[in-house]
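Colleague: from the sequence below, what's the structure:
(one chain, ligands or ions: 1)
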Amino acid sequence: MSSYAEPELITLINRHHSNLYSLCESLENIANNLPRSVNKQACLALSRSIFPIIYEAHEFEETKLFPYLLKSNEQNKALINSLSRLKFEHYEDETFAQEISEALHEFVTGENTVLAEKLSYMLRGFFEGVRRHLAFENEHLLPLLKNENI
Ligand SMILES: [Fe+2]
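Modeller: Below is the predicted model:
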């Protein structure tokens, strides 16, 4: 296993996590301001970016980060279980991301009457779940990468 891989993985995971934290912040701002002062164009742009941001982060983790961690920690049963659970959360978040994106689009365009309260509830459920997921990965996965550099 090449020794330069870990810093590169750390940089990339930090970049994806940073995109996800920004996404959560944007969604929280909308949820806090509903039903008033919603910038329609910004909401539409955001509704289109939710799934790609989520998907790109998950794809990186599942095709690069997780396989690397598994290879480097073959006997770590807790890690194997954690990665399996994180993958399941990815799947749930992707489904939820599509629902949020559609609900936000429908709310802004008025194509369907999604109640502001319901949208706010959905947004909160989504970004709170994503933040918990990120916190777990930061706490339990990043140290495994960093320790390997010592
Ligand atoms: Fe993840």
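Colleague: from here on, contacts and neighbour counts on C-alpha atoms
Modeller: Noted.
Colleague: in this structure, where is pLDDT below threshold?
Modeller: The model of the chain has pLDDT under 70 over residues 1-4, 37, 111-114, 147-150.
Colleague: give the next helix or strand downstream of the top helix by length along the chain.
Modeller: Counting residues, the longest helix found in the chain (DSSP state H) is helix 77-109. Tracing the chain C-terminally past helix 77-109 and defining elements by DSSP states H and E, one meets helix 116-140 next.
Colleague: in that next one, which residues are buried?
Modeller: 116, 119-120, 122-124, 126-127, 129-131, 133-134, 137 (16 or more other CA atoms under 10 Å).
Colleague: now for that helix, which elements pack on it?
Modeller: Contact analysis of helix 116-140 by 3 or more CA pairs under 8 Å, 6 or more residues apart in numbering; DSSP states H and E lists helix 5-33, helix 77-109 as its packing neighbours.
Colleague: hmm, who's touching that helix?
Modeller: Here helix 116-140 makes contact (CA atoms under 8 Å, 6 or more residues apart in numbering) with 17, 20-21, 24, 27-28, 30-32, 34-35, 86, 89, 93, 96-97, 100, 103-104, 107.
Colleague: where does residue 36 land in three-state SS?
Modeller: Taking DSSP: H, G, I helix; E, B strand; the rest coil as the rule, one finds residue 36 in the coil state.
Colleague: that older thread, closest to residue 82 out of the buried residues of helix 116-140?
Modeller: Each of the buried residues of helix 116-140 was checked against residue 82 using CA to CA; the closest is residue 137, at 9.4 Å.
Colleague: any idea how far that closest one is from residue 57?
Modeller: When distances are taken as CA to CA, to the nearest Å, residue 137 and residue 57 turn out to be 12 Å apart.
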